[in-house]
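Engineer: Could you look at this predicted model? Sequence included:
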Amino acid sequence: MTSPVARTINALWADEDGGTTVRRKARALAVLVLSAGPVLFASPASAAPRPVVINGAGSTWAANAVELWRGELRQQRGIFLNYASTGSSDGRAQFAGGTVDFAVSDVPYGLKDAFGQADPVPRRPFTYLPSVAGGTSFAYNLRVDGRPVTDLRLSGETVTRIFTRDVTRWDDPRIKADNPGLALPSIDIVPVVRQDSAATTGHFTEWMSARYPELWNPYCQASGGTPPCGATVHFPADGHIGQSGSTGVAGYVAQASAEGAIGYVEYSYAINARLPSVKLLNAAGSYVAPTADAVTVALAAAEVVDNPADPATHLTQKLDKVFANPDPRAYPLSSYSYLVVPTTLEFGTDENKGYTVGELAYHALCQGQLRAPQLGYASLPPNLVRAGLDQVGRIPGAATRTAGEECQGTQPVPTRVALTASSPSVGFGEPVTLTAVVTPAGVGGVVEFRRGTTLIAAPVAVNVSGFASVTTTLPLGSHAVIAAFLPDDPAYTPVVSETVTVAVGESGGTPGQEIVAEIAPGPFSLAVASQNATLAGGIVGGQATGTLAAATVTDLRGANSGWNVVAQIEDFTQVGGAATIPGARLGWVPSAARVSGSGTVSAGGPVAPGTTPGGLADGVTLCSAAAGGSAGTFTCAAGLTLSIPATTAAGVYSATLTLTLA
């Protein structure tokens, strides 16, 4: 039988702030952290910071993401925050005045605006953190012969000419040049802009001023601006339709009566309004939609201003290289918003609020990025996540995370790798080039090119744009080739490409073939779904309860010989102290389910907390599958109960639970 597979689970009983501390064993093991509520602290004055309700305001551009974080923090951590999407300008103003604990803004303080007054840098000390990444999209409503156009392509110059009112008809030759073969209607273009102060306008005009100043500056000057105009949050409308908020712009464009309309909104709003978005021509000559991957690729080139002497610009985004990113996958008009957070105990910030703002910041930078693409946003690339994590420690009261543990407990960020071959068939002895493209770009690591389980060449490092390639020769025959990406950063998942077939034949005469069959055992594995779970409600002499995160067993060996998952808990020990709680005080009620396959899984029997002798401390079955019915993928979990002795000293207790698959 295959040797047993072990997974350890570090069980942690946490203090009042609900935070967790992880003790890792020297072995390479999957770790699950279990945390529980407080055991009554003697003096509230000596208690660590704890979560409290916090308030924020600002960006409508990022509002959909912040709403997602609110729900996740409430459900997963019991942390409550309120957020008013009143616009970036109002959010900055409220933060400066101390009426909110944090702000979300798409532009920094002190923007020099050609059409409005710059808001001054506040007296309240603060720092910026990258938070929500996305593309400013051009949503449109256009039909040809009664059918909606869904694949419109435009160059950046043409977009700029549309919004500076130089191109006013959909059948303009410059639009036709971007869309050969498309019979464009002879109707007016109706450009829709924000009539309120909007950071979306700021992103759009910053891009126009950087890439097309010869078009933007004369238009701006003619509208009353002082050239060079640069970015502005007030669009100088002239023959445009003005709407308030991104919802207003998207809603107007989506009306059946608004045929010919085009407006700029964050991609999330275009998706919600079921509007198509323009594929924008990038610096590599590719027309690219503002998808999550395209934005993440583009922002891998983002720079962060390092100028501590000027709080208005220090740690703000510098996007020149993003706008001109030469990667063919990059969406040019990509940017990100900021979390504006306090760095001193002033303006209503105490340690409890600082701690809670810190937890929001960690969540936004880590787990909060995982579902961003579902909302039309992009996951921040690693360079920006690291830049943000470097600043969280400046928030007074924020929990300290050691290097590599900032995103402890989050699921790894998914990656993808696409493999192509220079030719599907070559002659014997002729070279073939294999190219792998990893997304999101900027994730360090190596690609292994394999035929079956055999390495074709030494692993190849991925470059900053996500490319890795190798040129090699292959034996005679037909070869199923894959690329496996192995990231350097454990925050990202390893991934294998789809198979590419390369046929190698003789260079003349009757082709011969080498027939190779490389057969390896199917996977037999045990994986833990999450590194975090919570035991709640614990007090001296009482009980703490929670749920063991699901363990997944995969048995595709073909032998169908059965398996068993056994768990064993060590004694709980006090973190930083000498007190203990017997491991047998932990009890459970297991559950099990089949995910796929033909086998059947059975849950182990319940174990009462405080079972004597032994209980979980002696090792018991979590779940099992009998011989003849063990093939497939299964999940096993358990409800947990920790019985706390009346003599227990207050504190944080941890233990290691080991799961063994055999």
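Structural biologist: Here it is on my side, so go on. Numbers count the residues shown, from 1 in each chain.

Engineer: Helices of the stretch 301-450 of the chain, start to end?
Structural biologist: 320-323, 351-365, 382-392 (DSSP state H, counting those that start in this stretch).

Engineer: Give me the helices and strands touching the shortest one, please.
Structural biologist: In terms of contacts (3 or more CB pairs under 8 Å, 6 or more residues apart in numbering; DSSP states H and E), helix 320-323 is packed against helix 199-211. C-beta coordinates here come from the backbone N, C-alpha and C atoms, glycine included.

Engineer: if we go to 10 Å?
Structural biologist: Counting by 3 or more CB pairs under 10 Å, 6 or more residues apart in numbering; DSSP states H and E, the packing neighbours recorded for helix 320-323 are helix 199-211, helix 292-299, strand 303-304, strand 334-342.

Engineer: out of these, nearest to Arg50?
Structural biologist: For the helices and strands packed on helix 320-323, the distance to Arg50 is smallest for strand 334-342, at 17.4 Å, taking CB to CB.

Engineer: Parallel or antiparallel, list what pairs with the closest one.
Structural biologist: strand 102-105 (antiparallel), strand 126-140 (antiparallel) (DSSP bridges).

Engineer: so how far is Thr439 from Ala300?
Structural biologist: 10 Å (CB to CB, to the nearest Å).

Engineer: sorry, that was for Gly577
Structural biologist: Counting by CB to CB, the gap from Gly577 to Thr439 is 47 Å.

Engineer: Neighbour count for those two, which is higher?
Structural biologist: Thr439 (21 against 12; other CB atoms under 10 Å).

Engineer: Can you give me the domain boundaries for this structure?
Structural biologist: Per automatic domain parsing, the structural domains of the chain span 5-46+524-661, 54-131+338-392, 135-299, 416-505.

Engineer: Ala655 bridge partners, please.
Structural biologist: If you apply DSSP bridges, the partners that Ala655 bridges to are Ala11.

Engineer: ok now stretch 436-444, how far from the chain's centre?
Structural biologist: In terms of CA atoms, centre = their mean, to the nearest Å, the centre of stretch 436-444 is found 14 Å from the chain centre.

Engineer: Next one: the residue nearest the centre of the chain relative to Pro180, how far apart?
Structural biologist: In the chain, the C-alpha nearest the mean C-alpha coordinate belongs to Gln369, at 2.7 Å (CA atoms, centre = their mean). Distance, Gln369 to Pro180, by CB to CB: 38 Å.

Engineer: one step back: looking at the strands paired with strand 334-342, which is closest to Glu359?
Structural biologist: strand 102-105 (11.4 Å).

Engineer: Can you point out the buried residues in that closest one?
Structural biologist: Phe102, Ala103, Val104, Ser105 (16 or more other CB atoms under 10 Å).

Engineer: separation between the residue nearest to the centre of the chain and Tyr338?
Structural biologist: 15 Å.

Engineer: and what of Val104?
Structural biologist: In this view, Val104 and Tyr338 are 7 Å apart by CB to CB.

Engineer: Now the common contact residues for those two.
Structural biologist: The contact sets of Val104 and Tyr338 overlap at Gly58, Ser59, Ala62, Ser88, Gly91, Arg92, Leu129, Ser131, Val132, Ala199 (CB atoms under 10 Å, 6 or more residues apart in numbering).

Engineer: Show me what the nearest residue to the second one once chain neighbours are set aside is bridged to.
Structural biologist: When you say that, I think you mean Ser59. Closest residue to Ser59 apart from its sequence neighbours, by CB to CB, 6 or more residues apart in numbering: Val104 at 4.4 Å. Under DSSP bridges, the beta-bridge partners of Val104 are Gly58, Leu339.

Engineer: what's near enough to touch Val104?
Structural biologist: 56-63, 65-66, 83, 85, 88, 91-92, 95, 129, 131-132, 199, 337-340, 364.

Engineer: Could you report the distance from it to Arg92?
Structural biologist: 10 Å.

Engineer: picking up where we left off before, using TSV, lay out the buried residues of strand 102-105 together with pLDDT.
Structural biologist: Converted to TSV, the buried residues of strand 102-105 look like this (pLDDT from 0 to 100):
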residue	pLDDT
Phe102	97
Ala103	97
Val104	96
Ser105	93
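
Engineer: need those in CSV with distance to Ala608, can you?
Structural biologist: As requested, those are arranged in CSV below (distance: CB to CB, whole Å):
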residue, distance to Ala608
Phe102, 45
Ala103, 51
Val104, 48
Ser105, 54
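
Engineer: between those residues, which is closest to Leu455?
Structural biologist: Val104 (46.8 Å).

Engineer: list the buried ones in stretch 257-273?
Structural biologist: 258-273.

Engineer: go on, stretch 321-332?
Structural biologist: Per 16+ other CB under 10 Å, stretch 321-332 contains these buried residues: Val322, Phe323, Ala324, Asn325, Asp327, Arg329, Ala330, Tyr331, Pro332.

Engineer: same check, this time on stretch 176-193
Structural biologist: Here stretch 176-193 shows Asp178, Asn179, Leu184, Ile189, Val190, Pro191, Val192, Val193 as buried, counting by 16+ other CB under 10 Å.

Engineer: Any figure for the gap between the third one and Ala593?
Structural biologist: Pointing back at Leu184 there. Taking CB to CB, one finds Leu184 at 54 Å from Ala593.

Engineer: Likewise for the first one?
Structural biologist: Applying CB to CB, the value for Asp178 to Ala593 is 52 Å.

Engineer: burial of Trp170, as a residue count?
Structural biologist: So Trp170, with other CB under 10 Å, has 24 neighbours.

Engineer: do the one 3 residues further on as well
Structural biologist: Residues lying near Pro173 (other CB under 10 Å) number 8.
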